[in-house]
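Engineer: all I have is the shape, not the residue letters:
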């Protein structure tokens with residue numbers, strides 16, 4: 001079993017920054033791909049960013065490319081999402097996810113474990 005706990009969400013003005021963290025407990029953290037997804041009210045959950053087990057492969061959604069950075073610290077069992085130049089359309093609940101086979105995929109249904117989510121709200 002893997003437990004994921006997100007933190008770092010909040011309310012920020014457009015153009016501001018936030019850093020999300022996701023602490024993992026359980027087995028095989030270092031073998032797992034890690035990802036961030038988000039779900040805005042009334043919309044489906046969407047892929048934001050993913051990082052492979054080694055950290056060598058990173059994928060971003062086009063909507064956040066150049067503004068968000070995903071990273072991981074296997075020694076701390078933690079994955080981060082640095083979000084810069086935030087826009088009102090980034091407002092959503094952000095979820096951390098892990099995938100045991102270590103490969104990043106954009107389909108949320110293919111991820112094995114999920115955190116409870118953290119709210120990010122961006123005002124004008």
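Structural biologist: Cool, got the structure. All values derive from a computational prediction rather than experimental measurement.

Engineer: how near is residue 6 to residue 57?
Structural biologist: According to Cβ to Cβ, to the nearest Å, residue 6 stands 22 Å off from residue 57. Using the backbone N, CA and C atoms, a C-beta is placed for each residue, glycine as well.

Engineer: then residue 41?
Structural biologist: Using Cβ to Cβ, residue 41 is found at 31 Å from residue 57.

Engineer: kindly report the same for residue 36.
Structural biologist: Residue 36 is 15 Å from residue 57, by Cβ to Cβ.

Engineer: all strands of this protein, in order?
Structural biologist: For the chain, applying DSSP state E gives strands covering 2-7, 10-13, 18-26, 33-39, 46-51, 58-60, 68-73, 78-83, 92-99, 113-114, 118-123.

Engineer: to residue 107, which of these lies closest?
Structural biologist: strand 46-51 (7.8 Å; Cβ to Cβ).

Engineer: quick one: list the elements packing against that closest one.
Structural biologist: strand 33-39, strand 58-60, strand 68-73, strand 78-83 (3 or more Cβ pairs under 8 Å, 6 or more residues apart in numbering; DSSP states H and E).
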